[in-house]
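**Student:** Got a predicted structure here, sequence first:
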Amino acid sequence: MSDKPRKFKGGVHPNDSKALSAHKPIQEAPLLDSYKVIMHQNIGAPPELLVKKGDEVKKGTLLAKAGGFVSVPLHSPTSGTIKMIDKVPGPTGISVPCIEIAADGEDEWDSPFEPITDWKTTDPVELRQRVWDAGVVGMGGAAFPSHVKLSPPDDKKIDMLILNGAECEPYLTADHRLMLENAKEVVIGGSILARILGLESCVIGVENNKPDAVEMLKKAAANHSVHVQDLPVNYPQGAEKQLIYAITGREVPVGALPMDIGCVVQNVASAAAVYEAVVNGRPSIDRITTVTGKPLVDPGNWKFRIGTPISKALELAGGITEQPAKLLLGGPMMGIAQSSLDVTTMKNTSGILLIAQDEVSQYTSEPCIRCGRCVDCCPMQILPATISQAVENHRFDWAEQLNVMACIECGSCSYSCPSHRPLNQQFKRAKVEIRAGLRKKG
Amino acid sequence: MDSLIAIISVGVIGTVLGVVIGIVAKVFAVDVDERIEQVEEMLPGANCGGCGFAGCADFAKGVVAEKATPAQCPVCSREDVVAISDYLGIAAEEKEKMVALVRCSGDIPNTQRSLYNGVRDCQSAVLVAGGAKGCDYGCLGFGSCAEACPFGAIEMRAGLAIVHKDLCVGCENCVAACPKELIKMVPAAATTHVYCNSPEKGAAKRKVCQTACIACRKCVKASGEEDYMEIDGFLIRSNYENPPSADLVEAAACPTTALRVDTEHAKGAYGGEA
Amino acid sequence: MSDETPKINLPDPTQLVVSNSPHMRDKPTINVIMFWVVGAMLPGCIAAVLFFGLAALKVLLISTLSCVIAEEAWNKAMKRPSTWRDGSAILSGILLGMNLNAGAPWWICMLGGILAMILGKQLYGGLGFNPFNPVLVARVGLLIGFPGIMTTWDKPDLGNMAIDGITAATPLGLAPGETLLQDMLLGNVGGCLGETSALALIVGGAILIWKKLIKWEVPLAFVGTVFMITGAMHLVNPEAYHSPFVHVLSGGLLLGAFFMATDMVTSPMTHKGAWIFGFGCGLITSLIRLWGSYPEGVSFAILFMNALTPLIDRGTIRKPFGFVAPAKGEA
């Protein structure tokens, strides 16, 4: 299990650019006057609003309860009053509902639950319920409710828990600093997750461009049955399927989930959030975010509460030295470009990245010269160039035959394309059309 | 001598094959209702799919089989419908002509947008930041509707889709093409519309679009006793049961010019070319 | 607030570019790739000029110019944007020159350029859309149209820069046993510009493979297959058939294997496909050389395999990561 990691086929090697912030310790963001907490912060159903305008809340008060099994509750990041239920630009560009909280400056805690000190002997079902109650989601970026991953159906035997500390995206160093400074929380969080799944141990996968984090984790893991596996640097090593393959050699079948081959993957930040929920009895209301980029005065790693406006985050980083070409939430390979500074941070905002004018490269409609670079680098081993041709001709049936649904949208193909073709966007479009077609049929 | 043999042999082969084809054509002939061909001749032949069938030939089959009525064809003029109905001996249906309405007046100069870079069609653009336009409900301007229109009735001007009413036959291909579900079918007789689709609050809308409907209700007041306008939250619409005439535009003096006559759709807020 | 608090500037949101991920790109663009291939061709071009004099330079320049002008003339006539800056016309021009002999008259070079660019590329929609290698379309077109001129080879004269040369036969045209391998390796043999210095071409090919600009499977399969088939025939009957080394080092084989068959647009995208493509080229080249009426089969072989490329691509679609074969008995 923890012997030499396997290399997955494909992948690209973009410039790391982590030096801008890798050595900067985590800073706690100062308390703001107001927070606009976006309601729907998870994959699945949005939570159901419980508070209304004028309500008094404390730090940790339940603002909205889970709207179903695949949904998580939302808690207040500070104490104050509900100013209004409003709309704010969301990360995908569309305005989304948010809860605006006017902070009273006291920042008083009132968590809905108590710490579980004896988690080693507590019923795993109770621990899992705690993970749900605390609103823990996948903090690598996907924001999938963590408790759902921890509740596999009875016929799926889980024998492997992997913590994802790869952080393969360039520029991002949030997980790196977390593993360095809060290694104990990650390790204990991992042990709690292992207990929930009925396992004895877990593996933390870390790319070996973070040797100090590997060392720190190994030290923290000394008295726990947690193995630390260093992995070769290859984007997208942190992608779930590639990570599982590297550590276990198992391939997640097309269209299936990791649990179908006995694996569960959780981000290290999610593990730390589980620690916070179980050991400290506190809900998920903040996370570490890397604010970085060449146009920034002072890149760094910050602990932001949910609902912090991006404009504030950029201010804390000292503002800009030049107008950036793009503002991204996330990393440069899979991050989402923003058109407004009023977007607020969520539980899965791992990075706020400014791309400089001279770094950015524009998409064109230049023809495909069939060089095959995309084919070589695709980690899912599909044929990006051919699928692109199918999409341009609106042949979504052909695109489906070519397995476009297996695409993980990692962006490696568009990264390597010398014709700067918008491959990733074309595949997204194909997937939307195919899913719509499937819904029409059934 | 050789050429004579060649001519005779080819001639004989040709004749024999001709006879065989003739016999086969008669023996294996498919019984086709001759009315189908006749109806197909009388149809406009645009193959636009507006009837819901797979082309005019399919529609003709459907009409003769009484699975459809001639009035279902949006391209047919009233005379065509009467002619086909008479030929088949059925009553000619009355059908109101519907045309497409792009309910947005937010062209590029009037709206807040970011610089978009990527695939230049609306369905792909909407996947990226909702199309990089400040208003979540408005026209993105990349022309997927114009491309989908088989009659060339939609023109893109300054990032806004303008429907040429005289060319629109009501086949509804554009309605399916728009990812914002912005295009609605309205009676061709209606001339005056509110060119806004956003249900957001007036102040929020105005921030991102100069020509948004801010629901000030001046047009409702100017209608007086008549119920020309419908109120739907922060959005006003023409009441298509009792649509307003062009006179209302002057009477209401809409402060954002969201209320326009359709021939003036392309006019910018501050007096651009119509 | 102290007066020294620096002003904090925030980005202007209306100037932000919004696009789909990824937001950074690897360095190679089309020009970079094209110019690296041109660079890999340089040893071959220099060798050609050394052996054939300035006549070779003239041929190369006219071919290149003709390709660029033909492409741009077409673009203008069709009201399409200018494309010569992507470097593909320049590369085609140089390759075309390398496929002609030093004594080729200027109008042959010009005609070749027009055939290559218009008939071979622009008619199909430009770069990326052509099914056949444009340079080979031109070469075969000229070969069939002007066989006399195209099969008259000049005698190499190392260092002599004079424009007019003396004609001589190519190694493949001579009887077996009459050729010197050393001459062929260095380039002291007759033939078209690209058929001479094997060493220069091998160096060029090595650069291409090192820079990952071509699929190494294609030249390996191509040359390997020719070697094995001609080697087998040579063993059977050394009097009638040339040694496989002669075959490998002569004719347009090395030029074809490294620079023509590996043209990205017209060769398969998958690695399995590249093996099949290379093997097919090698097989057909050997058949034409050994038993066909042309002494040189590389051009035809590559064009034939170009036609099969879409089929090869379809047939070698690999299974995606995590593919599970449906169990027996299932639909």
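**Tutor:** Received it, and whenever you're ready, just let me know what you need.

**Student:** Run a quick check on A:Lys347 versus A:Ser284, I expect a contact.
**Tutor:** Yes. If you go by Cβ atoms under 8 Å, A:Lys347 and A:Ser284 touch, sitting 5.9 Å apart. Where you see a C-beta, it was placed from the backbone N, CA and C, and this is true even at glycine.

**Student:** Those two: who's more crowded?
**Tutor:** Regarding A:Lys347 and A:Ser284, a neighbour count based on other Cβ atoms under 10 Å in any protein chain shown identifies A:Ser284 as having more, with 27 against 23.

**Student:** hey, which helix is longest across the chain?
**Tutor:** Defaulting to chain A. Counting by DSSP state H, the longest helix found in chain A is helix A:423-441.

**Student:** should've been chain B
**Tutor:** For chain B, the longest helix by residue count, based on DSSP H, is helix B:2-27.

**Student:** which strands and helices sit next to it?
**Tutor:** Of the remaining helices and strands, none touches helix B:2-27 by 3 or more Cβ pairs under 8 Å, 6 or more residues apart in numbering or on different chains; DSSP states H and E.

**Student:** shared neighbours, A:Lys347 and A:Ser284?
**Tutor:** A:135, A:137 (Cβ atoms under 8 Å, 6 or more residues apart in numbering or on different chains).

**Student:** ok, back up a step: tell me how far the longest helix of chain B lies from the chain's centre.
**Tutor:** Helix B:2-27 sits 52 Å away from the centroid of its parent chain (Cα atoms, centre = their mean, to the nearest Å).

**Student:** need the contact list for A:Thr289.
**Tutor:** If you count contacts by Cβ under 8 Å, 6+ apart, A:Thr289 has them with A:174, A:301-304, A:313, A:345, A:349-352.

**Student:** Now do the SS call for it.
**Tutor:** Following DSSP: H, G, I helix; E, B strand; the rest coil, the label given to A:Thr289 is strand.

**Student:** Check what pLDDT it gets.
**Tutor:** Note on A:Thr289: pLDDT of 95.

**Student:** Distance check, it against chain C.
**Tutor:** 17 Å (Cβ to the nearest Cβ, to the nearest Å).

**Student:** Please apply the same query to B:Leu17.
**Tutor:** 34 Å.

**Student:** How many residues are close by that residue?
**Tutor:** Using other Cβ under 10 Å as the criterion, B:Leu17 is surrounded by 10 other residues.

**Student:** Distance-wise, check it relative to B:Val10.
**Tutor:** From B:Leu17 across to B:Val10, the span is 11 Å (Cβ to Cβ, to the nearest Å).

**Student:** Up against chain B, what does chain A have?
**Tutor:** Contact residues, chain A versus chain B (Cβ under 8 Å from any Cβ of the partner chain): A:87, A:92-95, A:336-339, A:362-363, A:365, A:422, A:425-426, A:428-429, A:432.

**Student:** Keep these, but drop any that are not near chain C.
**Tutor:** Contacts with chain C within the residues of chain A next to chain B, counted by Cβ under 8 Å from any Cβ: A:93, A:336-339, A:362-363, A:422, A:425, A:428.

**Student:** Among those residues, which ones are in helices?
**Tutor:** Those of these mapping onto helices are A:425, A:428, per DSSP H.

**Student:** Ranking by neighbours, what's the top pick from the ones next to chain C among the residues of chain A next to chain B?
**Tutor:** Ranked by neighbour count (other Cβ under 10 Å), those have A:Ala337 at the top, with 29 neighbours.

**Student:** A:Lys326 is in contact with that one, correct?
**Tutor:** Yes. With contact defined as Cβ under 8 Å, A:Ala337 counts as touching A:Lys326 (5.3 Å).

**Student:** Now do the shared contacts for these two.
**Tutor:** Residues touching both A:Ala337 and A:Lys326 by Cβ under 8 Å, 6+ apart: C:16-19, C:23.

**Student:** Drop anything exposed from the residues you listed.
**Tutor:** With burial judged by 16 or more other Cβ atoms under 10 Å in any protein chain shown, the buried subset of the shared contacts of A:Ala337 and A:Lys326 is C:16-19, C:23.

**Student:** In the stretch 151-274 of chain B, what residue comes closest to chain C?
**Tutor:** Across the stretch 151-274 of chain B, the shortest distance to chain C (Cβ to the nearest Cβ) belongs to B:Val208, at 11.0 Å.

**Student:** Could you report the neighbour count for that residue?
**Tutor:** Based on other Cβ under 10 Å, the number of other residues close to B:Val208 is 21.

**Student:** check contacts around the closest residue in space to it that isn't next to it in sequence.
**Tutor:** Leaving aside its chain neighbours, B:Val208 sits nearest to B:Gly134 (3.0 Å; criterion: Cβ to Cβ, 6 or more residues apart in numbering or on different chains). Listed by Cβ under 8 Å, 6+ apart, the contact set of B:Gly134 reads A:339, B:111-113, B:207-209.

**Student:** re earlier: wait, the residue of the stretch 151-274 of chain B closest to chain C sits on B:Cys135?
**Tutor:** Yes. B:Val208 is in contact with B:Cys135 according to Cβ under 8 Å; the separation is 4.9 Å.
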